[in-house]
Structures are given as C-alpha cells and as structure tokens.
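Chemist: coords please:
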Amino acid sequence: MGWLIARRGLTHLGIGIVIGMPGALAVGRLLQSLLVQTTPWDPATLGGIAAALTAVAIAACYWPAQRATRLDPVVALRHE
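Modeler: This is a model prediction of the structure:
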C-alpha cells in the first residue's frame with residue numbers, strides 16, 4: 001500500500017479516536033437518561049464503534065492508495 005498516501009488518512013483516524021472517545025463519554029453522560037440497558041461508558045459499545053469506524057477508515061485509505069501506487073507519475077504530472 002502507498003504509505004505516503006495512506007498515512008495522512010490514518011493520522012486523521014488516530015486524532016479522531018483520541019478526541020472522539022472522551023467526547024463520546026461526555027455526551028453519553030449527558031444523555032444517560034435516554035440510554036436503555038447500557039451505560040454511557042460501556043466498553044463493548046465504545047470498542048465496537050471504534051473498531052467499526054477504524055475498519056471503514058482503513059478501507060477508505062486503502063483503495064485510493066492502491067490506485068495511486070499503480071499510476072505512473074509521469075502520466076499524472078502530464079495530466080496536470
């Protein structure tokens with residue numbers, strides 16, 4: 001995979017996870033009365049959502065990176 005291309009998206013993923021987890025906990029505490037059969041800090045729910053978003057972000061980075069690595073740089077520069 002083209003790490004130069006994918007690294008930017010994966011960096012944003014890491015930043016989003018680091019900022020999003022405390023944000024999810026804070027919003028969960030605010031909406032605690034609306035939660036049914038779960039707590040605002042349920043590790044299975046938070047971990048599952050983080051894993052699903054990570055899988056989607058990796059897939060969203062992987063396909064464009066693969067496509068970019070197959071492209072000839074001279075052709076790409078001529079197109080500009």
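Chemist: in which helix or strand does L46 reside?
Modeler: The secondary structure element spanning L46 is helix 43-70 (assigned by DSSP states H and E).
Chemist: list the contacts of G28.
Modeler: Residues near G28 by Cβ atoms under 8 Å, 6 or more residues apart in numbering: L35, T39, P40, W41. The way it works is simple: take the backbone N, C-alpha and C, and place the C-beta from them, glycine included.
Chemist: low-confidence regions, this protein specifically.
Modeler: For the chain, residues meeting the criterion pLDDT under 70 lie at 1, 80.
Chemist: buried ones in the helix holding L46?
Modeler: L46, A57, C61, Y62, A65 (16 or more other Cβ atoms under 10 Å).
Chemist: which member of the residues you listed is positioned nearest M21?
Modeler: L46 (6.8 Å; Cβ to Cβ).
Chemist: please tell me how far the closest residue in space to T38 that isn't next to it in sequence sits from R70.
Modeler: The shortest distance from T38 to any non-neighbouring residue, by Cβ to Cβ, 6 or more residues apart in numbering, is to T45 (6.0 Å). To R70, T45 is 39 Å away according to Cβ to Cβ, to the nearest Å.
Chemist: ok, W41 next?
Modeler: Distance, W41 to R70, using Cβ to Cβ: 44 Å.
Chemist: cool, A26 as well?
Modeler: Distance of A26 to R70, given as Cβ to Cβ: 43 Å.
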